[in-house]
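J.: Kindly generate the corresponding structure for this input.
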Amino acid sequence: MTTASIAADTAVADSTATQASQATQQTAANASALRFITCGSVDDGKSTLIGRLLVDTRAVLQDQLAGVTKSGETDLALLTDGLSAEREQGITIDVAYRYFATESRKFIIGDAPGHEQYTRNMVTAASSADAAVVLVDATKLDWKNPQLTLLPQTRRHSLLAHLLRVHSLVFAVNKLDAVEDPQQAFVHIRGALERFTAEAGIASAATVPVSALKGFNVVNAEPGWAGYAGPSLLQLLEQLPNTPTDTGLALAFPVQWVEKFSSSADTSQGRRVFWGRVAAGRAHVGDAVQILPSGQQAVIAQVLDHARVPGSIDAGLSAGITLDREVDVSRGDWLVAAPAAAAAAADDDFDAPQAQPAWPSKRELTATVAWMDEQPLVPGRTYLALHGHRWIKAKARRVVHRLNIHTLAQEEATQLEPNAIGRVELLLQESIPAAPFAQARQLGALILVDTASHATAGAALLD
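T.: Predicted coordinates:
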């Protein structure tokens, strides 16, 4: 073999190896990131668990690790508890987001606070999460009792994650290294969780025994520990699916920003681009749309992605839409699929059916409300409601019932206290394109805001 041929073979081998490496990196880069939160009762070890994930996946630099080490002991919780008030009090107050990746997937973690006072922060984090890891502190429970009772905040956070359509729910039983019989404790706690989820109608992806402090079953599996032989928490997270987008529905697009090109000489189409995120369905050129609340109709002339590249855009992605003509559209308006054509009617039929709207507009709504304000929700009071990007006034007409998180019974109530969950009848000042939250996340959600303090008062999920 000549020197030239050896060099050629070496070059080919290097090129093949480089392509394989690039392909592996590209696959990891394109892997859908999983957004998940850690939640549960206060001091269950949520921040410590995230710190363990970051350290054991080598997502923490040495200087960061040195900054949370005192007297040779590493306080993993300080990797996420960055506020001075959090470090002084030893609690999580606001949601902290951290990022890390393994060879197979990327992750975005939200560390939600456990205190009842900060339930609104947990709801904010859960509303955009693909999965929730609910921590359960074994040392706080009567783990020797097969009929033990779970902590109220564990139940509340699980119910909220379920109501907010978090796609996957994983229970992590923490601090089992601190009890006398980890296996018995895990069996009893897992039984209590199974009873609770069955009564509440919550689907659980898995229940895993972990020790966030020592790292058992967090990143690396500990076969046989606590009588568990399944995958570690990280291995489970790597396999969880992302929340499916509402692409199979009719188009719904809330306008967030209007970009003007009034100086353009092109009059063959509208000279404004309406930017936002597709809430449901798919936006593509040629679709007939209706503008709400005005009711005017037009046709989509152009669809741009975030990089201004033309093409169809699915639900969950940002888009810029240009219409075929100039129509009065402002921030807060909705572009929805045009009403379906009515069936052909006979000449003498004076009761011909009207076109059916893809997303009917409503003023009277019934919703499941997670109340987070310090002042209770009282029937007759008016609040500001945010639907998509539109602000409207909403009056609470009646509290249908309140959910008892301990017994899961629906109790009669005249108001909703802080951190309560109940069903409420609402009357809006204007009609909105509403849909059940179980069908479409964006169209079925309202944020209620106190008109005086402008504080977020509640999250309403439409029936």
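J.: wait, what's in contact with the one residue sitting closest to the centre of the chain?
T.: The chain has Ser128 as the residue nearest its centroid, 2.0 Å off, counting by CA atoms, centre = their mean. The contact partners of Ser128, by CB atoms under 8 Å, 6 or more residues apart in numbering, come to Arg35. (Each C-beta comes from the backbone N, C-alpha and C, glycine too.)
J.: now do 6 Å
T.: Residues near Ser128 by CB atoms under 6 Å, 6 or more residues apart in numbering: none.
J.: Distance check, it against Gly444.
T.: Distance of Ser128 to Gly444, given as CB to CB, to the nearest Å: 15 Å.
J.: Now do the same for Trp97: its pLDDT.
T.: Wrong residue type there; residue 97 is Tyr, not Trp. Tyr97 is assigned a predicted lDDT (pLDDT) of 82.
J.: neighbours of it, just the number please.
T.: When neighbours are defined as other CB atoms under 10 Å, Tyr97 has 12 of them.
J.: State the pLDDT value of the residue nearest to the centre of the chain.
T.: 85.
J.: Assign it to helix, strand or coil.
T.: The three-state label given to Ser128 by DSSP: H, G, I helix; E, B strand; the rest coil is coil.
J.: measure Gly45 to Ser431 for me?
T.: Taken as CB to CB, the span from Gly45 to Ser431 is 47 Å.
J.: Those two - which one has more neighbours?
T.: Gly45 (25 against 14).
J.: The more buried one contacts Lys214, correct?
T.: No - assessed by CB atoms under 6 Å, Gly45 is found out of contact with Lys214, at 11.2 Å.
J.: does Gly248 count as helix, strand or coil?
T.: Applying three-state DSSP: Gly248 is coil.
J.: Next: His162.
T.: Going by three-state DSSP: His162 is helix.
J.: okay, now it: neighbour count?
T.: 18.
J.: for Val378, same thing?
T.: Neighbour number of Val378 under other CB under 10 Å is 11.
J.: and what of the one 3 residues further on?
T.: Counted with other CB under 10 Å, the neighbours of Arg381 add up to 15.
J.: Offset the numbering so it begins at 143, please.
T.: Taking 143 as the first residue, the last one we looked at is Arg523.
J.: residues touching it, list them.
T.: Ala538.
J.: Ramachandran coordinates for it?
T.: phi -90, psi 150 (degrees, to the nearest 10).
J.: ranges for the strands of the stretch 493-605 of the chain?
T.: Along the stretch 493-605 of the chain, counting by DSSP state E, counting those that start in this stretch, strands occupy 503-513, 524-529, 532-545, 552-553, 563-575, 587-591, 598-604.
J.: Contacts for the longest one next, please.
T.: The one in question is strand 532-545. 474, 519, 521, 523-527, 552-553, 555, 562-572.
J.: List the buried residues for stretch 518-525?
T.: By neighbour count, with 16 or more other CB atoms under 10 Å as the criterion, the buried positions of stretch 518-525 are 518-519, 525.
J.: Tabulate those (JSON lines), appending pLDDT and distance to Leu590.
T.: Formatted as JSON lines, the buried residues of stretch 518-525 follow (pLDDT from 0 to 100; distance: CB to CB, whole Å):
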{"residue": "Pro518", "pLDDT": "93", "distance to Leu590": "13"}
{"residue": "Leu519", "pLDDT": "94", "distance to Leu590": "8"}
{"residue": "Tyr525", "pLDDT": "96", "distance to Leu590": "5"}
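J.: nearest to Ala461, of those?
T.: Ala461 lies nearest to Tyr525 out of the buried residues of stretch 518-525, by CB to CB, at 30.6 Å.
J.: are any of the contacts of strand 532-545 buried, and which?
T.: 474, 519, 525-527, 555, 562-568, 570.
J.: For Asn316, state which of these is nearest.
T.: Taking CB to CB as the measure, Ile563 is the one of the buried ones among the contacts of strand 532-545 closest to Asn316, at 24.9 Å.
J.: Let me know whether that closest one touches Val511 as I believe.
T.: No - look at Ile563 against Val511 with CB under 6 Å: they stay out of range, at 7.2 Å.
J.: residues of stretch 311-326 that come out buried?
T.: Applying 16+ other CB under 10 Å to stretch 311-326 flags 311-319, 321, 324 as buried.
J.: cool, and stretch 334-353?
T.: Buried residues in stretch 334-353 (16+ other CB under 10 Å): 334-335, 338-339, 344, 346-353.
J.: what does stretch 461-472 contact?
T.: Stretch 461-472 is contacted from outside by 397, 411-412, 415-417, 420, 425, 433, 438, 440-446, 455, using CB under 6 Å, 6+ apart.
J.: Could I get the average pLDDT for stretch 254-262?
T.: The model assigns stretch 254-262 a mean pLDDT of 66.
J.: next one: stretch 340-356
T.: Here the average pLDDT along stretch 340-356 is 93.
J.: any residues touching it, and which ones?
T.: By CB under 6 Å, 6+ apart, stretch 340-356 touches 187, 190-191, 194, 304, 310-316, 318-319, 328, 332, 335, 339, 359-360, 368, 370, 375, 378, 550.
J.: ditto for stretch 299-312
T.: 181-182, 268-269, 271-276, 344, 346-348, 382, 385, 512, 603.
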